[in-house]
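Visitor: quick one: sequence and predicted model below, then my questions.
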Number of protein chains: 2
Amino acid sequence: MIARRDVFQAIADPTRRAMIGLLANKTLTINEVADNFSMSQPAISKHMHILTECGLVVMVKIGREKHCRANLKGLEEVTRWAGQYLVFWNQRLDALEDLLNADND
Amino acid sequence: MIARRDVFQAIADPTRRAMIGLLANKTLTINEVADNFSMSQPAISKHMHILTECGLVVMVKIGREKHCRANLKGLEEVTRWAGQYLVFWNQRLDALEDLLNADND
DNA sequence: TGTTTGCATAACCATTCGGTTATGAATTAA
DNA sequence: TTAATTCATAACCGAATGGTTATGCAAACA
(Lines give C-alpha, C1' and ligand atoms only; values in the text may rest on other atoms or scores of the structure.)
Protein backbone atom coordinates (compact mmCIF):
# COMPACT_ATOMS: atom_id res chain seq x y z
CA MET A 1 0.00 0.00 0.00
CA ILE A 2 1.77 3.07 -1.24
CA ALA A 3 0.69 6.34 0.37
CA ARG A 4 0.42 8.79 -2.46
CA ARG A 5 -0.48 11.54 -0.05
CA ASP A 6 1.16 12.91 3.07
CA VAL A 7 -0.85 11.86 6.13
CA PHE A 8 0.02 15.15 7.86
CA GLN A 9 -1.51 17.05 4.99
CA ALA A 10 -4.55 14.76 4.97
CA ILE A 11 -5.37 15.41 8.63
CA ALA A 12 -4.74 19.15 8.35
CA ASP A 13 -8.37 19.72 7.37
CA PRO A 14 -10.87 19.66 10.28
CA THR A 15 -13.59 18.09 8.12
CA ARG A 16 -11.32 15.15 7.33
CA ARG A 17 -10.41 14.76 11.00
CA ALA A 18 -14.13 14.61 11.78
CA MET A 19 -14.56 11.97 9.08
CA ILE A 20 -11.88 9.86 10.71
CA GLY A 21 -13.73 10.24 14.00
CA LEU A 22 -16.90 9.07 12.34
CA LEU A 23 -15.32 6.04 10.71
CA ALA A 24 -13.13 5.03 13.65
CA ASN A 25 -15.57 2.45 14.97
CA LYS A 26 -18.01 1.86 12.14
CA THR A 27 -18.24 1.38 8.40
CA LEU A 28 -20.35 3.88 6.49
CA THR A 29 -21.25 4.45 2.88
CA ILE A 30 -20.35 7.73 1.21
CA ASN A 31 -23.93 8.97 1.61
CA GLU A 32 -23.98 8.03 5.27
CA VAL A 33 -20.80 9.98 5.79
CA ALA A 34 -22.30 12.90 3.90
CA ASP A 35 -25.33 12.91 6.23
CA ASN A 36 -23.03 14.13 8.99
CA PHE A 37 -21.82 17.21 7.16
CA SER A 38 -23.51 20.21 5.64
CA MET A 39 -21.76 20.19 2.31
CA SER A 40 -22.41 18.74 -1.11
CA GLN A 41 -21.90 15.09 -1.98
CA PRO A 42 -19.00 15.79 -4.40
CA ALA A 43 -17.19 17.69 -1.63
CA ILE A 44 -17.56 14.64 0.63
CA SER A 45 -16.32 12.35 -2.14
CA LYS A 46 -13.22 14.52 -2.62
CA HIS A 47 -12.37 14.50 1.07
CA MET A 48 -12.85 10.75 1.26
CA HIS A 49 -10.68 10.30 -1.80
CA ILE A 50 -7.87 12.23 -0.10
CA LEU A 51 -8.21 10.04 2.99
CA THR A 52 -7.91 6.92 0.85
CA GLU A 53 -4.86 8.33 -0.95
CA CYS A 54 -2.88 8.25 2.28
CA GLY A 55 -4.39 4.95 3.37
CA LEU A 56 -6.34 6.25 6.37
CA VAL A 57 -9.59 5.08 4.79
CA VAL A 58 -10.28 1.97 2.74
CA MET A 59 -13.30 1.72 0.48
CA VAL A 60 -15.03 -1.43 -0.71
CA LYS A 61 -17.54 -1.21 -3.52
CA ILE A 62 -20.66 -3.29 -2.93
CA GLY A 63 -23.13 -2.88 -5.72
CA ARG A 64 -23.64 0.81 -6.26
CA GLU A 65 -22.60 1.58 -2.69
CA LYS A 66 -19.08 2.34 -1.49
CA HIS A 67 -18.44 1.18 2.04
CA CYS A 68 -15.79 3.18 3.88
CA ARG A 69 -13.84 2.07 6.90
CA ALA A 70 -10.89 3.61 8.67
CA ASN A 71 -7.42 2.11 8.64
CA LEU A 72 -5.84 4.11 11.42
CA LYS A 73 -2.44 2.48 11.47
CA GLY A 74 -1.28 5.40 9.36
CA LEU A 75 -1.75 7.67 12.35
CA GLU A 76 1.27 5.99 13.92
CA GLU A 77 3.48 8.16 11.78
CA VAL A 78 1.84 11.20 13.34
CA THR A 79 2.10 10.05 16.96
CA ARG A 80 5.67 8.94 16.35
CA TRP A 81 6.69 12.28 14.91
CA ALA A 82 4.90 14.45 17.47
CA GLY A 83 5.59 12.02 20.29
CA GLN A 84 9.37 12.12 19.97
CA TYR A 85 9.42 15.86 20.48
CA LEU A 86 6.81 15.74 23.21
CA VAL A 87 8.80 13.20 25.22
CA PHE A 88 11.87 15.34 24.77
CA TRP A 89 9.93 18.42 25.76
CA ASN A 90 8.50 16.87 28.92
CA GLN A 91 11.98 15.70 29.89
CA ARG A 92 13.11 19.29 29.71
CA LEU A 93 10.18 20.34 31.87
CA ASP A 94 11.02 17.55 34.33
CA ALA A 95 14.62 18.72 34.43
CA LEU A 96 13.46 22.24 35.18
CA GLU A 97 11.20 20.94 37.91
CA ASP A 98 14.06 18.94 39.41
CA LEU A 99 16.18 22.06 39.35
CA LEU A 100 13.51 24.02 41.18
CA ASN A 101 13.05 21.26 43.74
CA ALA A 102 16.81 21.11 44.31
CA ASP A 103 16.78 24.82 45.01
CA ASN A 104 14.11 24.34 47.62
CA ASP A 105 16.11 21.75 49.52
CA MET B 1 -1.41 32.45 24.67
CA ILE B 2 -4.13 32.22 22.03
CA ALA B 3 -3.37 29.99 19.07
CA ARG B 4 -4.50 31.93 16.04
CA ARG B 5 -3.57 29.04 13.80
CA ASP B 6 -4.49 25.36 13.77
CA VAL B 7 -1.48 23.31 14.85
CA PHE B 8 -2.52 20.50 12.46
CA GLN B 9 -2.37 22.91 9.59
CA ALA B 10 0.95 24.31 10.79
CA ILE B 11 2.65 20.90 10.81
CA ALA B 12 1.15 19.88 7.48
CA ASP B 13 4.09 21.42 5.64
CA PRO B 14 7.29 19.30 5.64
CA THR B 15 9.52 22.37 5.76
CA ARG B 16 7.86 23.51 8.97
CA ARG B 17 8.18 20.03 10.46
CA ALA B 18 11.90 20.15 9.68
CA MET B 19 12.10 23.55 11.36
CA ILE B 20 10.56 22.11 14.50
CA GLY B 21 13.16 19.35 14.38
CA LEU B 22 15.89 21.94 14.11
CA LEU B 23 14.64 24.02 17.00
CA ALA B 24 13.69 21.13 19.28
CA ASN B 25 16.92 21.22 21.24
CA LYS B 26 18.50 24.55 20.39
CA THR B 27 17.71 28.21 19.90
CA LEU B 28 18.54 29.67 16.52
CA THR B 29 18.19 33.03 14.86
CA ILE B 30 16.12 33.38 11.70
CA ASN B 31 19.27 33.42 9.58
CA GLU B 32 20.63 30.32 11.29
CA VAL B 33 17.36 28.55 10.55
CA ALA B 34 17.56 29.75 6.95
CA ASP B 35 21.05 28.24 6.58
CA ASN B 36 19.43 24.81 6.80
CA PHE B 37 17.08 25.29 3.87
CA SER B 38 17.51 26.15 0.23
CA MET B 39 14.93 28.86 -0.01
CA SER B 40 14.84 32.62 0.32
CA GLN B 41 14.95 34.43 3.66
CA PRO B 42 11.41 35.82 3.31
CA ALA B 43 10.10 32.30 2.75
CA ILE B 44 11.79 31.22 5.98
CA SER B 45 10.35 34.19 7.83
CA LYS B 46 6.85 33.33 6.65
CA HIS B 47 7.13 29.72 7.77
CA MET B 48 8.49 30.79 11.15
CA HIS B 49 5.67 33.28 11.50
CA ILE B 50 3.12 30.52 10.96
CA LEU B 51 4.84 28.41 13.61
CA THR B 52 4.63 31.28 16.09
CA GLU B 53 0.96 31.84 15.25
CA CYS B 54 0.09 28.43 16.69
CA GLY B 55 2.55 28.78 19.56
CA LEU B 56 4.94 26.03 18.48
CA VAL B 57 7.78 28.56 18.21
CA VAL B 58 8.52 31.55 20.40
CA MET B 59 10.72 34.37 19.18
CA VAL B 60 12.70 36.83 21.29
CA LYS B 61 14.17 39.89 19.67
CA ILE B 62 17.68 40.67 20.83
CA GLY B 63 19.10 43.68 19.06
CA ARG B 64 18.59 43.14 15.37
CA GLU B 65 18.48 39.38 15.79
CA LYS B 66 15.42 37.27 16.42
CA HIS B 67 16.09 34.21 18.53
CA CYS B 68 13.71 31.34 17.90
CA ARG B 69 13.03 28.46 20.24
CA ALA B 70 10.45 25.69 20.11
CA ASN B 71 7.56 25.42 22.53
CA LEU B 72 6.46 21.87 21.80
CA LYS B 73 3.68 21.57 24.35
CA GLY B 74 1.34 22.41 21.50
CA LEU B 75 2.14 19.03 19.94
CA GLU B 76 0.17 17.44 22.77
CA GLU B 77 -3.01 18.25 20.90
CA VAL B 78 -1.69 16.24 17.97
CA THR B 79 -0.60 13.20 19.96
CA ARG B 80 -3.86 13.30 21.92
CA TRP B 81 -5.98 13.38 18.78
CA ALA B 82 -4.03 10.75 16.84
CA GLY B 83 -3.31 8.72 19.97
CA GLN B 84 -6.94 8.15 20.92
CA TYR B 85 -7.65 6.50 17.58
CA LEU B 86 -4.39 4.61 17.55
CA VAL B 87 -5.06 3.07 20.96
CA PHE B 88 -8.53 2.12 19.78
CA TRP B 89 -7.10 0.72 16.58
CA ASN B 90 -4.47 -1.41 18.32
CA GLN B 91 -7.13 -2.76 20.65
CA ARG B 92 -9.04 -3.95 17.61
CA LEU B 93 -5.89 -5.58 16.25
CA ASP B 94 -5.32 -7.21 19.65
CA ALA B 95 -8.87 -8.49 19.65
CA LEU B 96 -8.32 -9.95 16.20
CA GLU B 97 -5.12 -11.57 17.34
CA ASP B 98 -6.87 -13.04 20.38
CA LEU B 99 -9.53 -14.42 18.09
CA LEU B 100 -6.93 -16.04 15.88
CA ASN B 101 -5.12 -17.50 18.89
CA ALA B 102 -8.40 -18.87 20.24
CA ASP B 103 -8.96 -20.62 16.92
CA ASN B 104 -5.56 -22.24 17.17
CA ASP B 105 -6.29 -23.72 20.60
C1' DT C 1 28.94 58.87 9.68
C1' DG C 2 28.47 55.64 6.19
C1' DT C 3 27.96 50.71 5.47
C1' DT C 4 26.77 46.24 6.38
C1' DT C 5 23.75 42.93 8.67
C1' DG C 6 19.25 40.86 10.17
C1' DC C 7 14.86 40.67 9.37
C1' DA C 8 10.08 42.13 7.82
C1' DT C 9 7.02 43.69 4.48
C1' DA C 10 5.02 44.46 -0.02
C1' DA C 11 3.90 43.03 -4.43
C1' DC C 12 3.55 39.52 -7.31
C1' DC C 13 3.02 34.68 -9.26
C1' DA C 14 1.60 29.77 -10.07
C1' DT C 15 -0.49 26.11 -7.82
C1' DT C 16 -3.39 23.91 -4.56
C1' DC C 17 -7.47 23.79 -1.77
C1' DG C 18 -12.13 23.53 -0.57
C1' DG C 19 -16.21 24.36 -2.15
C1' DT C 20 -20.03 24.64 -5.81
C1' DT C 21 -23.39 23.01 -9.75
C1' DA C 22 -24.19 20.05 -13.63
C1' DT C 23 -23.98 15.76 -15.50
C1' DG C 24 -23.22 10.91 -16.39
C1' DA C 25 -22.55 5.92 -15.42
C1' DA C 26 -23.83 1.93 -12.95
C1' DT C 27 -26.81 -0.41 -9.99
C1' DT C 28 -31.22 -1.19 -7.87
C1' DA C 29 -36.19 -0.73 -7.45
C1' DA C 30 -40.91 -0.21 -9.32
C1' DT D 1 -38.32 -1.20 -19.03
C1' DT D 2 -38.49 2.90 -16.78
C1' DA D 3 -37.34 5.50 -12.72
C1' DA D 4 -34.71 6.31 -8.69
C1' DT D 5 -30.46 5.88 -6.12
C1' DT D 6 -25.38 6.03 -5.37
C1' DC D 7 -21.44 7.88 -6.44
C1' DA D 8 -17.75 10.00 -9.53
C1' DT D 9 -16.25 13.34 -12.65
C1' DA D 10 -15.88 17.68 -15.02
C1' DA D 11 -15.86 22.47 -15.04
C1' DC D 12 -15.68 26.26 -12.54
C1' DC D 13 -14.81 29.66 -8.65
C1' DG D 14 -12.58 32.41 -4.83
C1' DA D 15 -9.30 32.10 -1.38
C1' DA D 16 -5.24 30.26 0.61
C1' DT D 17 -0.54 28.37 0.07
C1' DG D 18 4.26 28.45 -0.86
C1' DG D 19 7.40 30.52 -3.26
C1' DT D 20 9.89 34.64 -5.51
C1' DT D 21 12.26 39.56 -5.98
C1' DA D 22 12.53 44.25 -4.42
C1' DT D 23 12.75 47.25 -0.80
C1' DG D 24 12.89 49.42 3.70
C1' DC D 25 13.98 49.86 8.53
C1' DA D 26 16.63 49.27 12.66
C1' DA D 27 20.78 47.78 14.79
C1' DA D 28 25.70 47.01 14.68
C1' DC D 29 30.06 47.84 12.77
C1' DA D 30 34.01 50.37 10.36
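Guide: Done, it's in.
Visitor: would you tell me what helix or strand the nearest residue to A:D13 once chain neighbours are set aside is located in?
Guide: Nearest residue to A:D13, sequence neighbours excluded (C-beta to C-beta, 6 or more residues apart in numbering or on different chains): A:H47, at 7.2 Å. C-betas here are computed from N, CA, C, even on glycine. Using DSSP states H and E, A:H47 maps to helix A:41-53.
Visitor: and that helix, does that touch DNA strand C?
Guide: Yes: Helix A:41-53 lies within reach of DNA strand C by C-beta under 7 Å from any atom of the strand, at A:42-43, A:46-47, A:50.
Visitor: if we can go back for a sec, surely the residue nearest to A:D13 and A:R16 touch.
Guide: Yes: A:H47 is in contact with A:R16 according to C-beta atoms under 8 Å; the separation is 5.3 Å.
Visitor: identify the contacts common to those two.
Guide: Common contacts of A:H47 and A:R16 (C-beta atoms under 8 Å, 6 or more residues apart in numbering or on different chains): none found.
Visitor: can you give me the strands for chain A?
Guide: A:28-29, A:57-62, A:65-70 (DSSP state E).
Visitor: ok, the last one near DNA strand D or not?
Guide: So that's strand A:65-70. Yes: interface with DNA strand D: strand A:65-70 contributes A:65-67 (C-beta under 7 Å from any atom of the strand).
Visitor: what does the second one give?
Guide: Yes: under the criterion of C-beta under 7 Å from any atom of the strand, strand A:57-62 makes contact with DNA strand D via A:M59.
Visitor: so what does that strand touch, helix or strand wise?
Guide: Packed against strand A:57-62 by the contact rule (3 or more C-beta pairs under 8 Å, 6 or more residues apart in numbering or on different chains; DSSP states H and E) you find helix A:14-23, helix A:41-53, strand A:65-70.
Visitor: reformat those as CSV; add mean pLDDT, mean neighbour count and distance to B:E97.
Guide: Below are these laid out as CSV (pLDDT from 0 to 100; neighbours: other C-beta atoms under 10 Å in any protein chain shown; distance: least, C-beta to C-beta, whole Å):
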stretch, mean pLDDT, mean neighbour count, distance to B:E97
helix A:14-23, 98, 17, 22
helix A:41-53, 98, 16, 25
strand A:65-70, 97, 18, 19
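Visitor: the longest helix seen in chain A packs against which elements?
Guide: In chain A, assigned by DSSP state H, the helix with the most residues is helix A:76-104. Contact here means 3+ C-beta pairs under 8 Å, 6+ apart; on that basis helix A:76-104 packs against helix A:7-10, helix B:14-23, helix B:76-104.
Visitor: in the longest one, what counts as buried?
Guide: Buried residues in helix B:76-104, defined by neighbour count with 16 or more other C-beta atoms under 10 Å in any protein chain shown: B:76, B:78-79, B:81-83, B:85-86, B:89.
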